[in-house]
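S.K.: The sequence and its predicted three-dimensional model are supplied below.
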Amino acid sequence: MNLHVPADIWQPVSLTLELAAITTVILMILGTPIAWWLARSQAWWKEAVAALVAIPLVLPPTVLGFYLLVALGPSGPGGALASLWGARTLAFTFPGLVIGSVLFSMPFVVQPIRNAFEAMGEKPLEAAATLRASPWRAFWTIAVPLASPGFLTGAILGFAHTVGEFGVVLMIGGNIPGRTKVLSVAIYDYVETSQWTEASVLALGMVVFSFGVILTMMLIEKKMTRRAS
Amino acid sequence: MSTVKVDFHGTLGRFELNARFEVPARGVTAIFGPSGCGKTAVMRSIAGLNRLDGRCSVAGDVWQDEKTFRPVHKRPIGYVFQEANLFPHFSVRRNLMYGHPGPTGPTAIGFDEVVSLLGIAKLLERSPRHLSGGERQRVAIGRALLSQPKLLLMDEPLSALDQMTKDEILPYLERLHAALDLPILYISHDIAEVERLADQLVLMRNGSVLASGPLSVLQADLTLPLALSRDAAVSLDATVLKHDAIDGMVTLAVPGGHFVLPAEPLASGTRRRLRVLADDVSLAVETPSRSTIVNVLRAKILEIRSQSDHRVTALLGLGEDGQGARLLSRVTQRSWNELGLRAGLAVYAQVKGVALVRREEPVA
């Protein structure tokens, strides 16, 4: 096998990392209040919301991708949004990919954070309230630090899952180099065009990356749980 | 006079909660009753952690009524939970300072004072994970105190601890009571703890308040379950008269009589609390002749209550006229009948045992 790394594989790599980073940041901002609400609400219908958030876990990515394509397209809400800055559609654009990734990776972020909030329980927050801490202060000084292993797991899983996504991207992003052509699609492309070297470099990179991510996560989590118990 | 005024009602699991009492906002008020009678629900409602219907005001400040519900973090309370509930990600020092209002706020209770009062100076830089149960609970008490509360709520702070650790913490609580002018509500189902710490008592049973008032009054009330329980006793506030260094005996005065008991030297004029169990008081109609019982006091039978176990519990007033401190005596129905005892009769109370409840009385 030729170990020469072709130059044009860096574009999908950097695009993928950019997509994953932006998606992760948005997911932390959106996912935290959702996880907080799911962990603490008494509403009877909260599990319905939890199920909705979790749907991408079981749904074929092409199904989600199909609905997103409709929603982001010219006649959907995404198209309406895009018309604000004069574009016709959000489909086949980078912002469209971000929206799709956020929805698709949501359960991987919300679930660990929700679990962490639930494991923490009411008691530390009650103690904080009796010490004159406002709910806002208690959230930042007590809940977030105590749930930090959950935040870390959520961030890593959200990032890694976005890096590995394929079906949704293919449906709503297509394959536009530099704009929507991410790693997994690039590998598919290389294989389609029999560029085995490029495909194997990227594939091996993904394997190493995934292994590193999972290992790091497990080690950090182990350390943090030991510290928090 | 400033009081803690509480009136809560609502459903609590299998029974109706209907808790209404008013106690002076000073000293230690014990909320006493069997497990599951609603004590914790009442205390959590005072803190605002639970929301029952009703009213709650402390020293004239309304915390809850029909229109108001002040959130927990705006009530000037300190709350000590059954488990210490420390923040595991902070050091002991940061735990202590978490509720502290900062250099600009009111600081009637100082950091150094609390640290020395609770004996936690050596623990400050440690993590709560490396503390023993007793140390943790002391830090939790300190943390509550440093938030500068106007009312300290303690929900069975010793119940999760073993007897040795309890004995280690009780003196700290007594010092606290003596050193700080802070009203404390203290939940307990352990009468020994109550006798040691409490000034006032709120007696609860099945979600209702049976009675509330000064501890010694409620203990001597024959219509209440305390006086009829197996370990019925009275608490007496006594003044040290003298200490006899030769035989190691201390004489203490209570209204209507004196008690003599072996004890460490105590300064004359200091106040101590005595506890006399009903089972330790027997009755005689004539001056008993030679006996090893040191404390024989004149008393008058004020009230009696026959119990189902063929025993009689009598309420005595010390002194010839029965106007002094109240004692309880428990004798068998048979002895009672043989001696021809009845309410109104002058008798001699033979006290087999009297315990000095270790306690530094607050400086009045």
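M.R.: That came through, no problem.

S.K.: contacts and neighbour counts: CA atoms only from here.
M.R.: Noted.

S.K.: Now do the helices in chain A.
M.R.: A:10-40, A:46-54, A:61-72, A:77-82, A:94-120, A:123-130, A:135-138, A:144-146, A:148-163, A:167-172, A:183-192, A:196-228 (DSSP state H).

S.K.: Take the second one, keep the C-alpha atoms, and write them as CSV.
M.R.: Coordinates of the C-alpha atoms in helix A:46-54 are reproduced here as CSV (Å, rounded to 0.1, in the frame of the first residue of the first chain):
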residue,chain,number,x,y,z
LYS,A,46,-41.7,14.8,29.7
GLU,A,47,-40.9,11.2,28.6
ALA,A,48,-42.6,12.0,25.3
VAL,A,49,-40.1,14.8,24.8
ALA,A,50,-37.3,12.5,25.9
ALA,A,51,-38.4,10.0,23.3
LEU,A,52,-38.6,12.7,20.6
VAL,A,53,-35.0,13.7,21.5
ALA,A,54,-33.9,10.1,21.4
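
S.K.: Just want the residue of the stretch 1-150 of chain B that's nearest chain A.
M.R.: Distances between the stretch 1-150 of chain B and chain A by Cα to the nearest Cα are smallest at B:H73, namely 4.1 Å.

S.K.: ok, back up a step: for chain B, which of the helices of chain A is the nearest?
M.R.: The nearest among the helices of chain A, by Cα to the nearest Cα, is helix A:123-130 at 4.7 Å.

S.K.: Quick one: residues in contact with that closest one.
M.R.: Contact partners of helix A:123-130, identified using Cα atoms under 8 Å, 6 or more residues apart in numbering or on different chains, comprise A:135, A:138-139, A:142-143, B:47, B:49, B:72-73, B:75, B:77-79, B:85-87, B:99.

S.K.: go again using 10 Å as the cut-off
M.R.: The contact list for helix A:123-130 (Cα atoms under 10 Å, 6 or more residues apart in numbering or on different chains) reads A:131, A:133-135, A:137-139, A:141-143, A:146, B:47-49, B:71-81, B:83-88, B:95, B:98-99, B:140, B:143-144, B:147, B:149, B:153.

S.K.: In terms of secondary structure, what does the longest helix along chain B contact?
M.R.: Longest helix in chain B, counting residues (DSSP H): helix B:163-179. Using 3 or more Cα pairs under 10 Å, 6 or more residues apart in numbering or on different chains; DSSP states H and E as the contact test, the elements touching helix B:163-179 are helix B:111-118, helix B:133-146, helix B:191-197.

S.K.: rewinding a little: narrow the contacts of helix A:123-130 to those in strands?
M.R.: B:I77, B:G78, B:Y79, B:V80, B:L153 (DSSP state E).

S.K.: Of all residues in the stretch 151-300 of chain B, which one is closest to chain A?
M.R.: B:L153 (10.0 Å).

S.K.: so that residue touches B:I187, yeah?
M.R.: Yes - applying Cα atoms under 10 Å, one finds B:L153 in contact with B:I187, separated by 8.2 Å.

S.K.: what touches both of those two?
M.R.: Common neighbours of B:L153 and B:I187 (Cα under 10 Å, 6+ apart) are B:T29, B:M43.

S.K.: Look at the residue of chain A found nearest chain B and say how many residues are nearby.
M.R.: Proximity of chain A to chain B (Cα to the nearest Cα) peaks at A:R132, 4.1 Å away. By the measure other Cα atoms under 10 Å in any protein chain shown, the count of residues near A:R132 is 25.

S.K.: my guess is it meets B:S147, correct?
M.R.: Yes - counting by Cα under 10 Å, A:R132 does reach B:S147; the two are 7.5 Å apart.

S.K.: any shared contact partners between these two?
M.R.: Joint contacts of A:R132 and B:S147 (Cα under 10 Å, 6+ apart) are B:P76, B:I77, B:G78, B:Y98, B:G99, B:H100, B:P101.

S.K.: Would you mind listing what in chain A touches chain B?
M.R.: Contacts of chain A with chain B, taken as Cα under 10 Å from any Cα of the partner chain, map to A:123-135, A:141-142, A:145-146, A:227-229.

S.K.: And the residues you listed, which of them are buried?
M.R.: A:124-135, A:141-142, A:145-146 (16 or more other Cα atoms under 10 Å in any protein chain shown).

S.K.: What ranges does the stretch 201-350 of chain B have for its strands?
M.R.: In the stretch 201-350 of chain B, strands defined by DSSP state E, counting those that start in this stretch lie at B:208-214, B:233-244, B:249-254, B:257-262, B:271-277, B:281-284, B:295-306, B:311-318, B:326-332, B:346-351, listed in chain order.

S.K.: Pipe those into CSV and attach distance to chain A and mean neighbour count per row.
M.R.: Formatted as CSV, the strands of the stretch 201-350 of chain B follow (distance: least, Cα to the nearest Cα, whole Å; neighbours: other Cα atoms under 10 Å in any protein chain shown):
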stretch, distance to chain A, mean neighbour count
strand B:208-214, 25, 18
strand B:233-244, 33, 21
strand B:249-254, 41, 20
strand B:257-262, 44, 18
strand B:271-277, 33, 21
strand B:281-284, 45, 20
strand B:295-306, 45, 21
strand B:311-318, 43, 24
strand B:326-332, 40, 24
strand B:346-351, 46, 24
